[in-house]
Structure formats: structure tokens, C-alpha cells
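1. task: produce atomic coordinates for the following.
(one chain, ligands or ions: 1)
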Amino acid sequence: MRKVIIAGNWKMNKTASEGRALVEALKPLVAEVGPECAEIVVCPPFTTLSAVVEAARGSNIKVGAQNLHWAESGAFTGEISAAMLREAGVEYVILGHSERRQYFGETDATVNARLKAALKAGFKVMVCIGETLEEREGNRTEEVLARQLDGGLADLDAVTVSGLVLAYEPVWAIGTGKTATPEMAEATHRFIRSHLAARFGKEAAEQVRIQYGGSMKPENAGELVAQPDIDGGLIGGAALKADSFATLIKNAIAGSRKK
Ligand code: PGA
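-> Coordinates of the predicted model:
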């Protein structure tokens, strides 16, 4: 059984004080979610990380960053290193989000470089992949996902891949209110797993956790996570309020029990 992992991607939202308040409000709402049942992660902006790490200390809420640079240090204005995130108490990192790819020139090669640096530093990584509406309508979804997987995970071995979390986020579903239907999402997750099996072996492919992301809400989380190959969610908008994120987490866990 793959453990459910629900992560909130706060994107460019929440100052340090707002982030602390959100975690303080979330803690009692998810206090009874045991570590055996689901992993809960929140991913605030860099300047909010320390406040959130402090607020989450001793609770079942883990903290992730939204990016990490491949170099240890140096002339990379605006970037952040593994050592900086470690010292801030961060355990997880999101890499290759479609907004990074779309607006900031992220490529499969840079995702791969960031991923290697993150793994070397011991972070748990959520690697995002997903097709645009144009690519889906052009019947190129599988080709695009295969390219993102092959490029993003280049040079990794099967054991490393088995410990990864992937986030399948169809770009057309992010922040749009349009969710992939559970059947559509499941079919794509199944394709991702079969592609991984062909490249890294069946065992690694069965162990990789694949989150769905893109307008996941309390109302649809249960149905999505009830699908056999959907192991959790990466949530934007619905993770910005404690009550909606907590309800989403509970509904996702209830959904996972129907598998
Ligand atoms: P959304 O964002 O839940 O607001 O659609 C998801 C994401 O981009 O990770």
C-alpha cells in the first residue's frame, strides 16, 4: 500500500505571519491524522518557511519548499540552495511545477539538475509533470509526459525513483476550476506508472507515489484518491484556508480506504 500524501502548494501567497496563522489553525483540524494514514505537507514561499517550520514543529504537518537550485552556492540571483533550505528545517521540495516551466524557463534538463541536487541533500521531492490543453487536444498527452519523465528523471536508478513522489498536474486544470474526471486522471496516472515500469522496472513503478493536482477540492478529493493509481494530491487554491485543506485531507483519506 502506498501512503497517501497531500501537499499544499501555497505558490506566492501568505506572508510569514499569515503562514504561521494558517498552520496554527490547521493543526487542531488534522491532529488525529496519524502518520501511518497520510503525510501532510505545506509548501510556503521561501520567506515564510521558517515561521511555518516553527509553527508546525511537533505536529503531523511537514514543510516543503517550492524550488531548489542545483548549485551549492554562487552567483544565482533569486535562487535558493539545498543547504539554505535544510537549515530552515525544510524536509520536502516541489520541483518542475508548470508555473516554473511556463513563466520562468524551467526545462526537463533544469528539473533533472535540481532533482539530483535535492536528492543528494536528502530532501523528499515532488516532481511535477503535466500537459497543456493544446497538447491534450492534439492527442499528445502521453508523448509529453513520457518526455518530461525521461528528461526529468534522467540518470536516476530504480531505487531512487521508487522513493520519489510525482505530481501529475494537467496544466488546463490548474487554478481553472476544471478538474480532470477521476477516470481521466486515473488513465493518465496508469500511463505514467506503466512508462516508469518500462524504464525502471515494475517494482519501482509500483512504489512511486503519484499525486493528482489541478483544482482538487474537498468535494472531489475523495473520488480522485479512491482511484487505484492516485496516491494523493498537490493542492493550490484549496490549501490556502485551514478548513478547506483539512476537509480535503479527510475526504482524500476516506477515498483512499475505498481502493
Ligand atoms: P490548484 O493548483 O489546486 O489551485 O489548481 C494546483 C497546483 O498548481 O499545484
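2. and the residue of this protein nearest the ligand?
-> Distance from the ligand to each residue of the chain (CB to the nearest ligand atom) is smallest for Gly236, at 2.4 Å. Glycine gets a C-beta too; all of them are placed from N, C-alpha and C.
3. skipping adjacent residues, who's closest to that residue in space?
-> Asn9 (5.3 Å; CB to CB, 6 or more residues apart in numbering).
4. got it, and Ala113?
-> According to CB to CB, 6+ apart, the nearest residue to Ala113 is Trp70 (3.8 Å).
5. for Leu164, same thing?
-> Leaving aside its sequence neighbours, Leu164 sits nearest to Val208 (CB to CB, 6+ apart; 5.6 Å).
6. the one you found and Leu248, how far apart?
-> Computed with CB to CB, to the nearest Å, the distance linking Val208 and Leu248 is 22 Å.
7. who's more crowded, those two?
-> More crowded of Val208 and Leu248, by other CB atoms under 10 Å: Leu248, with 25 against 22.
8. for that one, what are its contacts?
-> Ile6, Met216, Lys217, Pro218, Ala221, Gly233, Ile235, Ala238, Ala239 (CB atoms under 8 Å, 6 or more residues apart in numbering).
9. how far is the helix or strand where it lies from where the chain is centred?
-> Assigned by DSSP states H and E, Leu248 falls within helix 242-256. Relative to its parent chain, helix 242-256 has a centroid offset of 16 Å by CA atoms, centre = their mean, to the nearest Å.
10. cool, and stretch 138-152?
-> Relative to the centre of its chain, stretch 138-152 is centred 18 Å away, using CA atoms, centre = their mean.
11. how about the element among helices and strands of the chain having the smallest mean pLDDT and the ligand, any contact?
-> Least confident helix or strand, the chain: helix 133-137 with a mean of 94, by mean pLDDT, DSSP states H and E. No. Contact of helix 133-137 with the ligand is not found when judged by CB under 6 Å from any ligand atom; the minimum separation is 13.8 Å.
12. any idea how far that helix is from the middle of the chain?
-> Between the centre of helix 133-137 and the centre of its chain there are 22 Å (CA atoms, centre = their mean).
13. which residue ranges form the helices in this protein?
-> Counting by DSSP state H, the segments of the chain that form helices are 16-30, 49-56, 82-87, 98-103, 108-120, 133-137, 141-152, 158-162, 182-200, 202-207, 218-225, 242-256.
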